[in-house]
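Asker: Make a model of this:
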Amino acid sequence: MELQVSLDGEKRVSAQIGNHRISTDQPVSNGGSDTAPSPYDLLMSSIGCCAGYYVQQYCESKGVCTEGITLTLKQQKNEAGELTGFITCINIPDSLPKKYHSILKNVAKQCSVKRAIMGVPVFEIETNSIPTAIPA
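Answerer: Next comes the predicted model:
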C-alpha cells in the first residue's frame, strides 16, 4: 500500500489513499485553524474504529444486536504529559447479557491496527530528488 501526502499550507496536510483524500489540520493551540482532525486524532480514530469493526463483526455473526454499543478511546499519559497508552472502553447497554462484556473485550483485542503498533514496526525516512519543472 502507498499513499501520497500533500503539504497544503497553513498547518494543513492531506493524504491521498486510493480514491480517498484525508485532510488534517492542527488545533488552534498549535497554530492551525482546526478545520480537520489532527494526524494524532486520526491515529486514535484508527485504533477505535478498528476495535469497533471487530466488535461489530462479532455481533453481526452471532445475531447480537449492536444498537447502543459504542466505544470510547482515552489516552494515558505520564506526569510529563507523554503518551503511555490507550484505554478502549466498550459501552454495552444493560439489555445485553453480562457474558458479552468479556467476549467483546476479547474480540476488540483482535484490532489489527493495535497489533501493528504493538509489533513495533520500523519507521524509516528517505529522501528522493525529483525533477524541477522548467517554466516555459
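Asker: Walk me through the domains of the chain.
Answerer: 1-36, 43-118 (automatic domain parsing).
Asker: Distance of Lys60 relative to Asp8?
Answerer: Actually, residue 60 is Glu. It isn't Lys. 38 Å (Cβ to Cβ, to the nearest Å). No exception for glycine: its C-beta is placed from N, CA and C like everyone else's.
Asker: just to revisit the earlier point, which of the domains of the chain sits closest to Pro135?
Answerer: Relative to Pro135, the nearest member of the domains of the chain by Cβ to Cβ is domain 1-36, separated by 20.9 Å.
Asker: And that closest one, what's buried?
Answerer: Judged by neighbour count using 16 or more other Cβ atoms under 10 Å, the buried positions of domain 1-36 are 11-13, 24-26, 32, 36.
Asker: Pick the one among these closest to Leu42.
Answerer: Once Cβ to Cβ is applied, the member of these that ends up nearest Leu42 is Thr24, at 6.6 Å.
Asker: In this structure that closest one contacts Glu10, no?
Answerer: No - between Thr24 and Glu10 there is no contact under Cβ atoms under 8 Å: 11.8 Å.
Asker: Could you count how many residues lie near the residue nearest to Ser46 when sequence neighbours are not counted?
Answerer: Counting by Cβ to Cβ, 6 or more residues apart in numbering, Ser46 lies nearest to Val113, which is 4.9 Å off, once chain neighbours are set aside. Per other Cβ atoms under 10 Å, the neighbour tally for Val113 reads 16.
Asker: Noted, bye for now.
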